[in-house]
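Student: Mind looking at a prediction? Sequence and model below.
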There are 2 protein chains.
Amino acid sequence: MLSKSQISLLKSLQQKKIRKTHGLFLAEGIKSITEFINSDYKIETIYHTPSFVPKLLNLSQKINFIECPATDLAKFSSLTTPQEVIALIKIPTWPVLETKILQQSFSIVLDGIQDPGNLGTIIRTADWFGIQNIICSEDTVDAYNAKVVQATMGSLARIHVHYVNLAQLITNTKLPVFGALLDGENIYQTNFGSQGLIVLGNEGNGIRPEIQALIQKPVTIPLLGKAESLNVAIANAVFCSEISRGKFV
Amino acid sequence: MLSKSQISLLKSLQQKKIRKTHGLFLAEGIKSITEFINSDYKIETIYHTPSFVPKLLNLSQKINFIECPATDLAKFSSLTTPQEVIALIKIPTWPVLETKILQQSFSIVLDGIQDPGNLGTIIRTADWFGIQNIICSEDTVDAYNAKVVQATMGSLARIHVHYVNLAQLITNTKLPVFGALLDGENIYQTNFGSQGLIVLGNEGNGIRPEIQALIQKPVTIPLLGKAESLNVAIANAVFCSEISRGKFV
């Protein structure tokens, strides 16, 4: 049984500023939690119903377990269908983005992505295509937002998501800077080489003008039909696929 | 002002069987409705708030307008933030899927997709890449579900979504049948040619065994990282992109 104040604190982690203050977030469901356990993340506590068997988690680290009724979990769960197990996890600090970390690889750069489902899907897709780093503008939705955590399907445990001043980062980088824009080179004719940053913009407004000005290689996914735009998580997938295919052909 | 029974009927269109019985569905928001107006769809009625100016819709067909308070619209809207304008639209009947309709093009075939957001994104992506037909198993989520309509961002007005017995359709087709499977040919080394069906499976279970058995060319998006799976709308985007790139390189 959890006290009212414990539940209230756990529930308050739905707010970004509270997550930031405490350096903690919640992950729900056995699949997602298992991925965090098998990663570098530090699990603080696992809250579970009496019927949930902690052995299912196949533990490699020592974890504090607290058994509580499903009604308690429902009080701080962010899901419409709360899971039987919720983990309280420390938000990690990733190594500073020095030049060498990003070299010889591609990283995704997100300028003002707002939708948690989009960010989650972008993280999951990056994890499929072997991309390690996602670099976000400071106003991009928080990766530890419950809906993002859920949408990554566990991939958040492996991908490093950084929040930085994008203009500064792009100005200082020596890597080629590609950007998804409407009037760029055809993506299927673009030589991506073996390293670079791929900049994708906000759902409604695209890449901000001041960031656009820093893009060296505008790239376009050619329109063959009549849709007005592509969802940003879909555009990300097409870019990830194009930079990956070079490894096979 | 709408009567209680009118509102109740409009609200009941959130249910698939009621949509089917009446052959009607709702689209919300000026952007989406404009796309339907500029298509072959037949608009029955447009409900709008007093502050909404119908002229904004740039009408080419004669439409019945009904002005009603925002509180009435909210009663049958499916959105958490109801729009100022909602259209009642006839569900069209697409031409029967004869062989010639699908020839010399690619079509997306969906086996049991359940998530409305996924279907909506698949329709929008197909519209970007110039794919005309999406063929769904009978248990795939209904394309006229409000969440699907919303997620297509107007693309539903242009794409033909068919619901058929998939096993029968695939057995009878003379087109090459590609399928997204885990043990197939590398997608980047696959020669798609200029026509075919691309089969994608259910979010959790993939393509049903009986449909898998009918796939001539299993194709795989190679895993470079560690994600357990790709979202089906993302897999669709990668396939759409690969079949499109042949037009440019």
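Tutor: Received it, and whenever you're ready, just let me know what you need. Residues are numbered from 1 along each chain as shown, chains lettered A, B, ... in the order given.

Student: Packing partners of the lengthiest strand in chain A?
Tutor: The longest strand of chain A (DSSP state E) is strand A:177-186. Secondary-structure packing of strand A:177-186 (3 or more Cβ pairs under 8 Å, 6 or more residues apart in numbering or on different chains; DSSP states H and E): strand A:196-201, helix A:209-212, strand A:217-220, helix A:232-245. Using the backbone N, CA and C atoms, a C-beta is placed for each residue, glycine as well.

Student: could I get those as CSV with mean neighbour count, mean pLDDT and distance to chain B?
Tutor: Conversion of the helices and strands packed on strand A:177-186 to CSV gives the following (neighbours: other Cβ atoms under 10 Å in any protein chain shown; pLDDT from 0 to 100; distance: least, Cβ to the nearest Cβ, whole Å):
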stretch, mean neighbour count, mean pLDDT, distance to chain B
strand A:196-201, 24, 98, 13
helix A:209-212, 14, 98, 21
strand A:217-220, 19, 98, 11
helix A:232-245, 25, 97, 4
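
Student: Can you tell me which of the ones you listed is nearest to B:V177?
Tutor: Among those, helix A:232-245 comes nearest to B:V177, with 21.6 Å by Cβ to Cβ.

Student: got the CA positions of that closest one in CSV?
Tutor: What follows is helix A:232-245 as a C-alpha-only set of coordinates in CSV (Å, rounded to 0.1, in the frame of the first residue of the first chain):
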residue,chain,number,x,y,z
VAL,A,232,7.6,13.8,-39.5
ALA,A,233,8.0,10.3,-38.1
ILE,A,234,7.4,9.0,-41.7
ALA,A,235,9.9,11.5,-43.1
ASN,A,236,12.4,10.3,-40.5
ALA,A,237,11.9,6.7,-41.5
VAL,A,238,12.5,7.5,-45.2
PHE,A,239,15.8,9.3,-44.3
CYS,A,240,16.9,6.5,-41.9
SER,A,241,16.2,4.0,-44.7
GLU,A,242,18.1,5.9,-47.3
ILE,A,243,21.2,6.4,-45.2
SER,A,244,21.1,2.7,-44.3
ARG,A,245,20.7,1.3,-47.7
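
Student: Point out the other helices and strands that that helix packs with.
Tutor: Using 3+ Cβ pairs under 8 Å, 6+ apart, helix A:232-245 sits against strand A:106-111, helix A:116-128, strand A:177-186, strand A:196-201, helix B:116-128, helix B:232-245.

Student: Tell me what angle the second one forms with strand A:196-201.
Tutor: The one in question is helix A:116-128. Using axes from the mean of the first three to the mean of the last three Cα atoms, to 10 degrees, the direction of helix A:116-128 lies 160 degrees away from that of strand A:196-201.

Student: Just checking helix A:116-128 against chain B, any contact.
Tutor: Yes - contact of helix A:116-128 with chain B is found when judged by Cβ under 8 Å from any Cβ of the partner chain, involving A:117, A:121, A:124-128.

Student: who touches the worst-scoring helix or strand of chain A on mean pLDDT?
Tutor: Of the helices and strands making up chain A, the lowest-confidence element is helix A:99-102, at a mean of 87, by mean pLDDT, DSSP states H and E. Contacting residues not belonging to helix A:99-102 are listed as A:95, A:133, A:173-175, A:195, A:197 [Cβ atoms under 8 Å, 6 or more residues apart in numbering or on different chains].

Student: Most neighbours among the residues you listed, please name it.
Tutor: Counting neighbours by other Cβ atoms under 10 Å in any protein chain shown, A:L197 comes out on top of the contacts of helix A:99-102 with 24 neighbours.

Student: Give the bridge partners for it, please.
Tutor: Counting by DSSP bridges, A:L197 forms beta bridges with A:S107, A:V177.

Student: ok, now which ones touch it?
Tutor: A:102, A:106-109, A:135, A:170, A:173, A:175-178.

Student: I'd like the distance between the closest residue to A:I7 other than its chain neighbours and B:L169.
Tutor: Nearest non-adjacent residue to A:I7, counting by Cβ to Cβ, 6 or more residues apart in numbering or on different chains: A:K75, 4.9 Å away. Distance of A:K75 to B:L169, given as Cβ to Cβ, to the nearest Å: 48 Å.

Student: Give me every residue in chain A lying close to chain B.
Tutor: Checking chain A against chain B by Cβ under 8 Å from any Cβ, the hits are A:117, A:121, A:124-131, A:153-155, A:158, A:186, A:188-189, A:221-231, A:233-234, A:237-238, A:241-242, A:244-245, A:247-249.

Student: what domains does the record give for chain A?
Tutor: Per the record, chain A has its domains at A:4-90, A:99-245, by automatic domain parsing.

Student: what's the most buried one of those?
Tutor: The highest mean neighbour count among the domains of chain A, using mean count of other Cβ atoms under 10 Å in any protein chain shown, belongs to domain A:99-245: a mean of 20.

Student: that older thread, out of the helices and strands packed on helix A:232-245, the one nearest A:I91 is which?
Tutor: Closest approach to A:I91 among the helices and strands packed on helix A:232-245 is made by helix A:116-128 (14.7 Å; Cβ to Cβ).

Student: Which elements pack onto the closest one?
Tutor: Against helix A:116-128 (3+ Cβ pairs under 8 Å, 6+ apart) you get strand A:106-111, strand A:133-137, helix A:146-151, helix A:232-245, helix B:232-245.

Student: could you dump these to CSV with distance to A:I207?
Tutor: Shown next, in CSV, are the helices and strands packed on helix A:116-128 (distance: least, Cβ to Cβ, whole Å):
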stretch, distance to A:I207
strand A:106-111, 5
strand A:133-137, 10
helix A:146-151, 21
helix A:232-245, 10
helix B:232-245, 20
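
Student: out of these, which comes closest to A:S5?
Tutor: Closest of these to A:S5 is helix A:146-151, at 20.5 Å (criterion: Cβ to Cβ).

Student: elements contacting the closest one?
Tutor: On a contact count with 3+ Cβ pairs under 8 Å, 6+ apart, helix A:146-151 meets strand A:24-28, helix A:116-128.

Student: following it, which helix or strand comes up?
Tutor: Note on helix A:146-151: by DSSP states H and E, the next helix or strand toward the C-terminus is strand A:160-164.

Student: That following strand - contacts with which helices or strands?
Tutor: strand A:133-137.

Student: What strands flank the strand it packs on, and is each parallel or antiparallel?
Tutor: strand A:106-111 (parallel), strand A:160-164 (parallel).

Student: Dump those to TSV, plus mean pLDDT.
Tutor: As requested, these are exported to TSV (pLDDT from 0 to 100):
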stretch	mean pLDDT
strand A:106-111	98
strand A:160-164	96
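
Student: got those strands as TSV, with distance to B:I86 columns?
Tutor: What follows is the strands paired with strand A:133-137, written out as TSV (distance: least, Cβ to Cβ, whole Å):
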stretch	distance to B:I86
strand A:106-111	33
strand A:160-164	38
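
Student: Tell me which of the ones you listed sits nearest to A:T45.
Tutor: strand A:160-164 (22.8 Å).

Student: if we look at the closest one, which residues are touching it?
Tutor: Against strand A:160-164 from outside (Cβ under 8 Å, 6+ apart): A:94-95, A:97, A:123, A:132-138, A:140, A:143.

Student: what two of those have the greatest distance between them?
Tutor: Longest span within the contacts of strand A:160-164, Cβ to Cβ: A:Q132 and A:E138, 20.6 Å.

Student: Now do the contacts for the residue nearest the centre of chain A.
Tutor: Nearest residue to the geometric centre of chain A (Cα atoms, centre = their mean): A:I123, 4.2 Å. A:I123 sits next to A:134, A:143, A:148, A:151-152, A:155-156, A:159, A:161 when contact means Cβ under 8 Å, 6+ apart.
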